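[1] I'll drop the sequence and a predicted model, then ask my questions.
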Amino acid sequence: GTIVKALSGYYYVQPDQPLVDIGYDMKSVQCRARGVFKKRGLTPLVGDKVQFSLTENGEGTVDELLPRSSQLIRPPVANIDLVVLVFSVIEPSLNTQLLDKFLVHIEHAEIKPILCLSKEDLQQQEGAQANEAKEAIATIHQIYSKLGYEIYDTSATEQTGVAELKERLQGHIAVFAGQSGVGKSSLLNQLVPGLNLETSAISQRLGRGKHTTRHVELIDIDGGWVADTPGFSQLDFAQLGVEDLSYCFVEMRERAGDCKFRGCTHVQEPGCAVIAGVQAGSIAMERYEHYKIFLQEMNDSKRRY
Ligand code: GDP
């Protein structure tokens, strides 16, 4: 089964096969972990695939942890294999620099990102706001589909794209990411009838402690799982080396072998394939500018220590 919740030393395991088949009516089994994990320095995590056995009182024991494909620290979840990166078309305005920063961190974690444009209903309004929303949608499709990223246009209020997104999450353990106020909770509420996560307008957010730490839980979406706590909210570059950064930009990763010098930082070296790509228009200037800004940020923060 899969650990869907961890609380006070108990692990809640949802079996791959429904328990009703063998005469139990609960959806998940409250388990203790075997002492041997502690001895080996292993802590079971939400998202872990496990083997467990039922004890006589209807509880269980986690006997074996299966190998993890990934491990996030915030929130602590194992086996996440999709990140739904949510950006709103307006309110808050599209910020592609922030989007690229999220993508760098997701690429660095080697988890597959999919882009989700939210609040697409706002392009139906009158006036300047609608134009801004339309421009945001066009920008995202132009730049990011060329890079091979999947893009879903969604609206939680109109329920557009929600069924498609839910279909895409089948068979995966996903986490939603994106800045506060873009509509992550609203989308999750649409994906899972009856979920009722709290949502709020940006103007009402201050001092509410909405993102205080709490236990992460996996939400069952009929054939897939979604973490109920956003991921990748800590966006500093402390874990990244300068040489990792260009690897996290797919278009630079693809060209790295074509540069004249090994270890090329793609800033001013002669014979740089990335700079040539920018000049030829095959690499988006905006993405390249963000790369240079992040590189500067990394160098500045390293100098401070
Ligand atoms: P989160 O911080 O990313 O979880 O964002 P929320 O789900 O709390 O939403 C932030 C605000 O955006 C709330 O006021 C929502 O009502 C609003 N909102 C969310 N989704 C949509 C949408 O699809 N369309 C519109 N027009 N507003 C939305």
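    Done, it's in. Computed from a predicted model, the values in this text were never measured in an experiment.

[2] Quick check: the closest residue to residue 45 other than its chain neighbours vs residue 286, distance?
    For residue 45, ignoring the flanking residues on the chain, the nearest one in space by Cβ to Cβ, 6 or more residues apart in numbering is residue 78 at 4.2 Å. All C-beta atoms are positioned from the backbone trio N, CA, C, and that covers glycine. From residue 78 across to residue 286, the span is 35 Å (Cβ to Cβ, to the nearest Å).

[3] more neighbours, those two?
    Legend: neighbour count by other Cβ atoms under 10 Å for residue 78 and residue 286, higher for residue 78 (21 against 13).

[4] The helix or strand hosting residue 32: which residues count as buried?
    Take DSSP states H and E as the rule and residue 32 turns out to sit in strand 29-33. For strand 29-33, a neighbour-count test (16 or more other Cβ atoms under 10 Å) marks 29, 31, 33 as buried.

[5] Equivalent analysis for stretch 215-235, please.
    Neighbour counts using 16+ other Cβ under 10 Å place 216-219, 221, 224-232 of stretch 215-235 among the buried residues.

[6] Neighbours of residue 19, how many?
    For residue 19, the count of nearby residues is 17 (other Cβ under 10 Å).

[7] quick one, what contacts residue 226?
    When contacts are counted by Cβ atoms under 8 Å, 6 or more residues apart in numbering, residue 226 touches 169, 173, 174, 175, 176, 188, 191, 192, 218, 219.

[8] and stretch 13-26, average pLDDT?
    In this model, stretch 13-26 carries a mean pLDDT of 82.

[9] show me where this structure has strands.
    2-7, 10-14, 29-33, 50-54, 60-65, 71-72, 77-78, 82-88, 112-118, 151-153, 173-177, 218-220, 225-227 (DSSP state E).

[10] Compare those strands and report which one is nearest to the ligand.
    strand 112-118 (5.5 Å; Cβ to the nearest ligand atom).

[11] what about dumping the CA coordinates of the closest one to CSV?
    C-alpha atoms of strand 112-118 as CSV (Å, rounded to 0.1, in the frame of the first residue of the first chain):
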residue,chain,number,x,y,z
LYS,A,112,8.5,16.2,-14.0
PRO,A,113,6.7,19.6,-14.0
ILE,A,114,3.5,20.4,-15.8
LEU,A,115,2.4,24.0,-16.2
CYS,A,116,-1.1,24.9,-15.2
LEU,A,117,-2.4,28.4,-16.1
SER,A,118,-5.2,29.2,-13.7
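
[12] any idea of the angle it forms with strand 82-88?
    Between strand 112-118 and strand 82-88, the angle comes out at 30 degrees (axes from the mean of the first three to the mean of the last three Cα atoms, to 10 degrees).

[13] Pairing partners for strand 112-118, with directions?
    strand 82-88 (parallel), strand 151-153 (parallel) (DSSP bridges).

[14] Let me know which of those strands is tucked in deepest.
    Highest mean neighbour count among the strands paired with strand 112-118 (mean count of other Cβ atoms under 10 Å): strand 82-88, with a mean of 25.

[15] quick one: contacts of that strand?
    By Cβ under 8 Å, 6+ apart, strand 82-88 touches 94-95, 99, 102-103, 106, 111-119, 122, 136, 140, 165, 168-169, 172-179, 181-184, 187, 231-232.

[16] Filter these down to the buried ones, ChimeraX style.
    Only the buried entries of the contacts of strand 82-88 go into this ChimeraX selection, using 16+ other Cβ under 10 Å:
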select :94,99,102,103,106,111,113,114,115,116,117,118,119,122,136,140,165,168,169,172,173,174,175,176,177,178,179,181,182,183,184,187,231,232
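
[17] Output the set of residues of the stretch 51-200 of the chain in proximity to the ligand.
    Within the stretch 51-200 of the chain, the residues that sit near the ligand (Cβ under 6 Å from any ligand atom) are 118-119, 121-122, 155-157, 180-186, 199-200.
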